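[1] With the input below, show me the fold.
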Amino acid sequence: MLDMKYDGADLRSKRRPKSWIDRVWSFFASVKVGLWLIGLIIVGSAVGTIFPQEMYIPQQLPASQYYTQEYGTAGTIYYSLGFHNLYTSWWYISLIVMLTLSLIVASIDRLVPLYKALKYQPVRRTDRFMRGQRLIGEGNGSKAQIDMMEQSLKAKRYRVKRDGDALLAEKHRFGRWGPYVNHVGLVIFFIGAMLRVFPSFHVDTLEWVREGDTVALEATGDEYYIRNDQFILEMYDPENNEEDAKFAEAIEKAGAVPKNYETELTLFKKTGTNEDGSPRLEEVETGSTKVNHPFKFDKYEVYQEQYSSRPEFLSMSFSVGDKETGDIYGPFTVDMNDPETTYDLGEVAVSLRDLYPDFEVRNGEPDTKSPRALNPAFFFTVDTPEGASESNLIGIRMNVADENNRYAIQFAGTEMASTSGLRVKSDSTYPILIVGGTIFMIGIVMGMYWPHRRVWIRRHGETDVLVAGFTNKNPSSLRREVSPLLEKAGLPIWEDQAMFEKQTDANSTNERGES
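    Next comes the predicted model:
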């Protein structure tokens, strides 16, 4: 049987390469190359799910430290190979570009010759061509019977062409373009995916905003600012809420479970710069954001994604006590955002030598785990009236000082605030992805439900007639549709040569087994 996949069209990729352009063309036109690229993309995407992407990790630590600290050597390798930002990494985008080129080249390589072959196909075919089809019948027939068959095929919505006593009936040719429509959809989809690398098309940042603070939104190029007016956290409470009682057993096992958390916020737009260099802000609107209910403005969306389970310290107040006289000096307050270096308390003065927002001891030295004020510690020196200087390291449940110090620093109060993790997103590629996906699905439907069917009938000699049929999918359906028409017209009924060959092979196998 003839290979009718491309109707005998001459594909450029199948020719003997004559130049480096032909070799490159043949490389990208190869189906095997396309399958390898798809396989590499699938494997890379799977590896990218082993550990969370950078956008989903806590922001207290840089990504380079986080992956090493949380996952050890595997995390270091993961970060070094760029899997933490998989979908924007150079090698992943390169694979997408190569696959897109492969789809374009393979489509052009096959589509243009196939189009020409189908558009200019002759009605009268040779004996070799007709006998090489899967469905073939041979017997007696007249021109009147062929005319009758023509009318029957037209009633079945076939497009019929005649050349004397030869006939070509064709139906659902557009179904042959289904795979190429698929390719167009995939190319558009991949272009949309690649455009996400550019900030003008796609931005996605996480902003941590404390209650009362106003921060610039990096995703907007610092054009917009947002203020956290209030963070609201509601927990499931089966004891005080009848509606929550049905979750009592699950809550008891899981512990405290948040029912809702949202942020009331105010949006500002930068209109200029003040004389002191600070941004001049104009209030735009107020609103709130909670899980799955974003706050929308311009082309951006603000999602309530996270919140800090540990409130941050806005300020801490201290006093200085004289151990000998019992006198108390102060209090004085250290602003965690803008701490002063010296606090004059009259007879004594306190100097802030160092501040550790998230205190820890690393390699025997005081250090901070993150810039967030979750566990602050302070290194103070107290300048006494006698001209001496006494050191004191004080933090949560920690007060390290020389026991000979006359002056002791003590806590006098704190001011704390919750912190919201707000995801700011803008994605202009959604329409491109939707268009690409829609075209891809149209191509699938075209290829699956409208197989290309063709029927050739030709007289050779005075009484002999050849009948042949081809379809690129489900030949038994074509046989069931056309055989009754052939029988009604009195033309020879065709047989499925593939079934005949299988039966012949089976008989040969049985004969060899018996012998």
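[2] Going by C-alpha atoms from here, please, whenever you check contacts or count neighbours.
    Noted.
[3] Next up, the contacts around the residue at minimal distance from the centre of the chain.
    Geometric centre of the chain, nearest residue: Y87, 7.2 Å, by C-alpha atoms, centre = their mean. Neighbour list for Y87: I93 [criterion: C-alpha atoms under 8 Å, 6 or more residues apart in numbering].
[4] Could you report the neighbour count for E249?
    The tally of other residues near E249 (other C-alpha atoms under 10 Å) stands at 11.
[5] Make sure it is indeed in a strand.
    No: secondary structure assignment places E249 outside any strand; it is helix (DSSP: H, G, I helix; E, B strand; the rest coil).
[6] Would you state the helices of the stretch 351-500 of the chain in chain order?
    430-449, 475-489, 497-514 (DSSP state H, counting those that start in this stretch).
[7] low-scoring stretches of the stretch 351-500 of the chain, by residue?
    Across the stretch 351-500 of the chain, the stretches falling below the confidence threshold (pLDDT under 70) are 499-500.
[8] switch the cut-off to 80
    Counting by pLDDT under 80, the stretch 351-500 of the chain has low-confidence residues at 372, 460-463, 498-500.
[9] where does the residue nearest to G48 when sequence neighbours are not counted land on pLDDT?
    Taking C-alpha to C-alpha, 6 or more residues apart in numbering, and ignoring the residues beside it in sequence, G48 has F83 as its nearest neighbour in space, at 5.5 Å. Here the pLDDT value assigned to F83 is 87.
[10] who's in contact with F83?
    When contacts are counted by C-alpha under 8 Å, 6+ apart, F83 is found next to V47, G48, Q53, S89.
[11] Report pLDDT for the third one.
    Right, the one you point to is Q53. In this prediction, Q53 has a pLDDT value of 85.
[12] Assign Y67 to helix, strand or coil.
    At Y67, secondary structure determined by three-state DSSP is helix.
[13] surely P258 meets L233?
    Yes: the pair P258 and L233 qualifies as a contact (C-alpha atoms under 8 Å) at a distance of 7.1 Å.
[14] one step back: output the contacts of F83 in a markdown table, with secondary structure, neighbour count and distance to Y79 appended to each entry.
    Supplementary listing: those in a markdown table, determined by DSSP: H, G, I helix; E, B strand; the rest coil; neighbours: other C-alpha atoms under 10 Å; distance: C-alpha to C-alpha, whole Å:
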| residue | secondary structure | neighbour count | distance to Y79 |
| --- | --- | --- | --- |
| V47 | helix | 13 | 12 |
| G48 | coil | 18 | 11 |
| Q53 | coil | 17 | 10 |
| S89 | coil | 14 | 11 |
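[15] Which member of those residues is positioned nearest G436?
    G436 lies nearest to S89 out of these, by C-alpha to C-alpha, at 22.3 Å.
[16] which residues touch that closest one?
    Contacts were defined as C-alpha under 8 Å, 6+ apart; by that measure S89 touches G82, F83.
[17] again, but for F189
    Residues in contact with F189, defined by C-alpha under 8 Å, 6+ apart, are I432, L433, I434, V435, G436, G437.
[18] which one of those residues has the most neighbours?
    Going by other C-alpha under 10 Å, G436 tops the contacts of F189 with 24 neighbours.
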